[in-house]
Each structure stands twice: as C-alpha cells, then as structure tokens.
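>>> model this:
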Amino acid sequence: MMNSTYVSYFTLSAYFDTGVFKYLIFMIVMLLYLLIVGSNLLLIVVICMNRSLHEPMYLFLCSLFVNELFGSTGLFPFLLVQILSDIHTVSAPLCFLQIYCLHSYVNIEFYNLAVMSYDRYLAICCPLQYNTRMTFNKVTMLIAVTWSIPCFVILLLLSLSSSLQLCGNIIEKVYCDNYSIVKLACDDTSVNNIYGLIATSLTIVCPLILIFYTYMKIFRVCFSGCKQTRQKAVSTCTPHLASLLNFSCGACFEVLQSRFNMNNLPNTLRIVLSLYWLTCQPVFNPLLYGLNMSKIRIVCKSLVFAKM
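A predicted model of the protein is given here:
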C-alpha cells in the first residue's frame with residue numbers, strides 16, 4: 001500500500017511515440033494556443049477599453065473570455081512540454097495544480113453560461129425592467145459568484161483526493177484528472193464519490209437547470225410575441241446556445257470515456273475526445289461571439305483600421 005504523500009510523480013500513459021512528427025504536433029498545438037490567447041485577449045481588451053460595451057451582456061462575455069484564458073493556460077503549456085518530452089511524467093503537486101485549474105475552468109464555464117442565459121431572459125422577457133433588475137452591483141455579484149463557488153468546491157474536492165492512499169501512479173490520459181486519481185485509491189472512496197455527486201450538482205446540474213428554465217421562458221415569449229421579438233431572441237440567444245451545446249457535448253464525451261471502457265477505440269481518437277471540450281471551446285467562443293455581436297465587430301474594425 002502506497003500513501004499519496006509518498007507519490008512524488010504520476011505517469012501519463014496515454015502518450016505514444018510519434019517519432020519526428022512530435023515536432024509537427026508541437027507546432028500545431030502551439031499555433032492553436034497562440035490563436036486562443038490572441039483572440040480571447042483581443043476581445044477582453046476591446047470590451048474593457050470601450051465604454052459603449054460596458055453593458056451586462058458584454059461584461060459576462062468578458063468573464064467568459066477570461067475563463068477561456070485561465071483554462072487554456074492550465075492545459076496547453078503542460079501539453080507542449082509533454083509532447084516534446086520522452087518521459088511523460090508529472091510531479092504530484094503540479095498534477096494536482098492542473099486538476100484544480102481544469103476542473104475550476106469547466107465549472108466556471110457552466111456558471112458563466114448560466115448567468116448569461118439569465119441575462120438574456122431578463123432582456124427578452126422583462127425588457128422594461130431590465131435596467132432596474134440587472135444593475136452594475138448585481139452584475140458584479142453574479143460574476144463573483146460565478147468564480148468563487150466553483151473554485152471553492154474544487155478546492156474541497158482536491159483536499160479529499162490528495163488525502164487518499166494510492167496503489168499506483170499511472171494516469172491513462174494526456175493530462176491530470178481527478179477521477180483518474182480516485183481510481184488509483186487503495187482505500188474506500190465513498191466519501192469522495194458522495195462529495196463528487198454534491199459538487200457536480202452544485203456546479204453543473206444547478207446551472208443547467210437554470211439555463212433550461214430561462215430558455216423555456218424565452219421560447220414561450222418568442223412563440224407568443226411579434227416578429228421583432230423573435231428576431232431579437234434569435235440574434236442574442238443563438239451564440240449562447242451554440243456555445244452551450246458545444247461544451248455540453250464535449251463534457252458528455254469526456255464523462256463517457258472516463259466512466260466506461262473505451263479501449264476498443266483507437267488511442268488517437270480517445271486523446272482527441274478527451275481534449276475536445278478543453279481545446280475547442282476557447283477557440284469557438286471568441287469566433288462565435290466576435291463575429292456575431294455587431295457592437296464587438298464594429299469596435300474591432302475601428303481598432304484595426306485606425307492602426308492602418
């Protein structure tokens with residue numbers, strides 16, 4: 001029996017030898033990371049520097065883009081190092097740090113999407129009361145809740161995982177994952193499993209219930225309202241729904257792969273599926289919102305042409 005305090009490193013067994021192609025893979029991943037950092041950082045600067053975009057919807061978007069940077073930074077530098085490395089090991093403290101960053105990112109993403117759906121619900125269903133109900137103080141409070149609750153919940157989750165007695169140190173992924181650590185435990189993990197269910201309910205199920213409720217209200221108003229109301233709902237809700245579906249589908253892929261035996265799938269496909277929800281969303285959101293939101297497009301064009 002091996003206590004977790006004596007596990008100094010974990011081995012990531014999902015990596016395989018790609019020969020000279022590892023340099024090509026490294027360049028592709030590097031370019032993807034630079035695209036994510038550049039696009040999200042550009043939109044954050046655009047929203048922060050232009051007072052015309054200091055509205056609740058854009059402030060929530062800014063929080064979303066900051067989270068994309070946070071999650072990407074927790075994954076991509078680690079991936080780049082591992083791609084070039086011949087020995088795919090990671091120290092225990094760094095592994096738990098990555099788990100904290102990635103799990104916090106995922107839960108903050110769901111909270112962000114939930115408060116954005118609530119904002120759209122007020123704008124479409126209660127337009128006359130929107131300015132009085134969505135005040136700056138309320139926006140600040142919602143963003144604070146969006147970040148504080150997931151970070152606290154994941155901190156407690158990791159405190160339970162780090163105290164487990166482990167019988168191995170091999171993680172069958174290309175990055176560190178809490179469930180993979182729990183599967184290595186020698187002793188009873190019922191407390192971890194119960195808290196995991198509670199954490200999932202607080203950070204994923206509750207936001208999804210809020211999103212479902214707000215969209216039921218929005219669809220009811222759309223079907224009973226005029227053409228102008230329907231057009232407004234479609235233009236403002238389509239990017240949000242697309243982002244939600246993209247992230248939720250990626251999460252489903254990851255849950256299915258983690259909980260069930262997927263050894264019959266090719267190793268490359270398993271790696272792509274496990275990375276999809278962590279890599280696609282940070283690329284998808286800036287393009288989706290940046291191209292769809294007319295105010296953001298106008299400000300970006302003015303910045304680009306002003307420098308030419």
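>>> Any chance of the backbone angles for the nearest residue to S8 once chain neighbours are set aside?
Nearest residue to S8, sequence neighbours excluded (CB to CB, 6 or more residues apart in numbering): A92, at 5.9 Å. C-betas here are computed from N, CA, C, even on glycine. Here is the backbone geometry of A92 (degrees, to the nearest 10): phi -60, psi -50.
>>> I figured A92 hits Y9, correct?
Yes: counting by CB atoms under 8 Å, A92 touches Y9, with 6.2 Å between them.
>>> circling back: and the residue nearest to S8, how far from S162?
According to CB to CB, to the nearest Å, A92 stands 8 Å off from S162.
>>> So which elements touch the helix or strand that contains N131?
Per DSSP states H and E, N131 falls inside helix 130-133. If contacts are counted by 3 or more CB pairs under 8 Å, 6 or more residues apart in numbering; DSSP states H and E, helix 130-133 sits against helix 92-125.
>>> buried sites along the helix it packs on?
Across helix 92-125, burial judged by 16 or more other CB atoms under 10 Å covers 92, 95-125.
>>> what's the answer for stretch 22-31, then?
Quick answer for stretch 22-31 (16+ other CB under 10 Å): 22, 26, 29.
>>> Outside of that stretch itself, list whatever touches it.
The contact list for stretch 22-31 (CB atoms under 8 Å, 6 or more residues apart in numbering) reads 18, 76, 79-80, 83-84.
>>> Among the residues you listed, which ones are in helices?
76, 79-80, 83-84 (DSSP state H).
>>> which of those residues are buried?
76, 79-80, 83.
>>> which of these lies closest to I44?
The nearest member of these to I44, counting by CB to CB, is F76 at 17.4 Å.
>>> Local confidence estimate at that closest one?
F76 carries a pLDDT value of 95.
>>> One more: M27?
Per-residue pLDDT puts M27 at 95.
>>> For it, give its distance to D86.
18 Å.
>>> before we move on, what about V221?
59 Å.
>>> Have a look at these two and say which one is more surrounded.
Comparing V221 with D86 by other CB atoms under 10 Å, the one with more neighbours is V221, at 16 against 7.
>>> Listing request: residues of the protein with sub-threshold pLDDT.
The chain contains residues with pLDDT under 70 at 1-6, 225, 229, 261-263, 291-295, 297, 300-308.
>>> what about the helices in it?
Secondary structure of the chain by DSSP H: the helices cover 21-49, 56-84, 92-125, 130-133, 136-162, 178-183, 190-200, 206-224, 227-259, 267-292, 294-306.
>>> any idea how far the closest residue to L113 other than its chain neighbours is from Y118?
Among residues not flanking L113 along the chain, L244 sits closest, at 5.3 Å (CB to CB, 6+ apart). When distance is defined by CB to CB, L244 is 13 Å away from Y118.
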